[in-house]
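Undergrad: Got a predicted model here, sequence first, then my questions.
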Amino acid sequence: MITLVQQYFSESAQNTPDKPAICCEDQSVTYLEAEAFSNAFARELQKAGVKRGSFVPFFMKKSVSSGLSILSILKADSAYVPIDINSPRQRFESILETTQAEVVIVNNHSEVLLKELIPEQVRPKTINIEAFTPQDTAPLEYRNLSIDIAYVLFTSGSTGVPKGVMIPHKAIIDYIDWCVETYHITSDDVVANHAPLYFDNSTFDIYTAFKSGATLHLVHDELNAVIPRLVSWIKEREISVFFCVPSVLTMLLKSRRLKPDSMDKVKHLICAGEVLPRDVLDAWMEMYPHIQFTNMYGPTEITVDCSYHIMQARPSEDCLSIPIGKSRNNMELFIRTEDGSLTQEVGAIGELLVRGTSVAYGYLGDEEKTQKAFIQNPSHNIFHDPLYCTGDLVKLDENGDFLFLGRADDQIKYLGYRIELGEIESSLNAVAGVSEGVVVFNDCDDESLREIGALVSFASELSLSELNQELNNRLPGYMVPTKVKILDGEYPRTPNGKYDRKKIKQIVFSD
């Protein structure tokens, strides 16, 4: 019985010892090699002072060493904390303070960066994984339980202080067992890891591969910086399972590098993390009818995804929003309406709340934010039963599918109206000729200067006046953007690949 996520890997190492387990650029390790190395390195961490329940950051570019770091930390009965190699000093120090980390794992490249970034007087002990020579490679006896923390991922905090989301082993197992069964992932598959390891989508990639005995191919940082190159990479590596944010699909379409045989080995293409544009999905489904496309949804706080919608057919022309679907196994979704009540009634609109085994423990070292975001199930007080308040607005349609409407904090008050920016964005991206569009709001103190804006790129000839007319046909006049800018190049994005809405806002309202 699997109770700890590293056991996924050990079991696969017994079943397929000589199969490539983790690959990145021109490096790879087999399951047997990685199993032996991580056993030995886990002992090295324990010798260095890592204790049961310790939080151990690793600081390096995505690499085979990253995967070995994760396995070794878990086998030392500890929780891993991925840190972005491009983290500014203030964020890095905040994470070190929150985790009280006594050891940081580095490699040859990042060891130099760490010493430049963090002063010696506040720098934890560093261990270079690439300078380690394994000796005792025998299996370890684990003391951790399934309720212990497996990883802490730090998301951006509204106050500028990152929030560390605590995810236990049982939450990952609950999610991964369902994913492998639902998507029929086996040892014959080749799973791509596109997301950064500090982004929760990577959980899907890592552990579906480890559980099934599939080969995991990491999309290295330099490749991620030039998204169009992914097309040839996916074909060359014979990727069969690809999970990404929807904007990656948009960029690949715009690159014009996609050919009918580019995705010949891909069986599953799964999106999550952003709104999936209807026209983008339709174009992909037309080009690659053999691929199963799935739209998933979930914040970091619920262990990657809590709902899913498998596309059985191409979306209809009048479809404005691809559903985020129904709850996955062992998760329950509620809508909290304006009066504060929870409902699962068709037609309800409000904030999405999530219940289930995969709900996180909260934010490390921040009880105030934890209590605000994770509330006790109001239907009873018999046992601890947290609901995560996502801050996302949804609607339950007549098919029982949840539709994403936008962020609750993206709900604006403009000209006396309450407006969802997500609704405007859906309408904008549904206009024929629009290849991509993002809607933002200028919420300055001077009410006379407040306005709705949009950054748009066109796939075909379309004038701004024609766009404005189309939007007026779809939206009330007060919801039509009054400031529209056309973008020919790439949209600003965060390290996770999502739209950088702060930078987009600066571009739109720069004049």
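TA: On my side now, so go ahead.
Undergrad: what's the spacing between residue 180 and residue 11?
TA: Note on residue 180: its distance to residue 11, by C-beta to C-beta, to the nearest Å, is 12 Å. From N, CA and C alone the C-beta is placed, and that goes for glycine too.
Undergrad: who has more neighbours, these two?
TA: Neighbours were counted for residue 180 and for residue 11 using other C-beta atoms under 10 Å; residue 180 has more, 20 against 15.
Undergrad: For the helix or strand where the more buried one lies, name the packing helices and strands.
TA: Secondary structure from DSSP states H and E places residue 180 in helix 169-182. Applying 3 or more C-beta pairs under 8 Å, 6 or more residues apart in numbering; DSSP states H and E, one finds that helix 169-182 makes contact with strand 149-155, helix 201-212.
Undergrad: Tell me how many other residues surround the closest residue in space to residue 85 that isn't next to it in sequence.
TA: Of all residues not flanking residue 85 in the chain, residue 61 sits nearest, at 5.2 Å (C-beta to C-beta, 6 or more residues apart in numbering). Neighbourhood size, residue 61 [other C-beta under 10 Å]: 20.
Undergrad: One more: residue 419?
TA: Neighbour tally, residue 419, other C-beta under 10 Å: 21.
Undergrad: can you confirm it is in a strand?
TA: Yes. Using DSSP: H, G, I helix; E, B strand; the rest coil, the secondary structure at residue 419 is a strand.
Undergrad: How about it: which residues does it bridge to?
TA: Beta-bridge partners for residue 419, by DSSP bridges, are residue 412.
Undergrad: What separation do you get for it and residue 409?
TA: The gap separating residue 419 from residue 409 is 13 Å, by C-beta to C-beta.
Undergrad: Over to residue 27?
TA: For residue 27 relative to residue 409 (C-beta to C-beta), the value is 42 Å.
Undergrad: repeat for residue 450
TA: Residue 450 sits 16 Å away from residue 409, taking C-beta to C-beta as the criterion.
Undergrad: So which of the two has more stuff around it?
TA: Between residue 450 and residue 409, counted using other C-beta under 10 Å, the more crowded position is residue 450 (16 against 11).
Undergrad: So the closest residue to residue 272 other than its chain neighbours: helix, strand or coil?
TA: Distances taken as C-beta to C-beta, 6+ apart put residue 296 closest to residue 272, at 4.0 Å, once the chain neighbours are dropped. With three-state DSSP as the basis, residue 296 sits in strand.
Undergrad: Now do the SS call for residue 69.
TA: helix.
Undergrad: That one contacts residue 105, correct?
TA: Yes. Between residue 69 and residue 105 there is a contact under C-beta atoms under 8 Å: 4.9 Å.
Undergrad: what do those two both touch?
TA: Common contacts of residue 69 and residue 105 (C-beta atoms under 8 Å, 6 or more residues apart in numbering): 58, 60, 129.
Undergrad: Switch the residues you listed over to JSON lines; also include pLDDT.
TA: JSON lines is the format used below for these (pLDDT from 0 to 100):
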{"residue": "58", "pLDDT": "98"}
{"residue": "60", "pLDDT": "97"}
{"residue": "129", "pLDDT": "98"}
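Undergrad: Out of those, the closest to residue 48 would be?
TA: Residue 48 lies nearest to residue 129 out of the shared contacts of residue 69 and residue 105, by C-beta to C-beta, at 11.7 Å.
Undergrad: separation between the closest residue to that closest one other than its chain neighbours and residue 200?
TA: Residue nearest to residue 129 in three dimensions, not counting chain neighbours: residue 65, with 5.0 Å by C-beta to C-beta, 6+ apart. For residue 65, the distance to residue 200 (C-beta to C-beta) stands at 21 Å.
Undergrad: In contact with residue 334, which residues?
TA: 342-344, 352-355, 387.
Undergrad: and the spatially most central residue of the chain, what is it in contact with?
TA: Nearest residue to the geometric centre of the chain (C-alpha atoms, centre = their mean): residue 201, 3.4 Å. Under the criterion of C-beta under 8 Å, 6+ apart, the contact list for residue 201 reads 194-195, 243-245, 272-273, 304.
Undergrad: mind running it again at 7 Å?
TA: Applying C-beta atoms under 7 Å, 6 or more residues apart in numbering to residue 201 gives the contacts 195, 243, 272-273, 304.
Undergrad: Now tell me which of the residues you listed the prediction trusts least.
TA: Sorting the contacts of residue 201 by pLDDT puts residue 273 at the bottom of the list (88).
Undergrad: List of residues touching the lengthiest helix in the chain?
TA: Counting by DSSP state H, the longest helix found in the chain is helix 31-47. Helix 31-47 has contacts (C-beta under 7 Å, 6+ apart) with 9-10, 12-13, 16-19, 21-22, 56, 68, 71-73, 75-76, 103, 127, 129, 132, 134-140.
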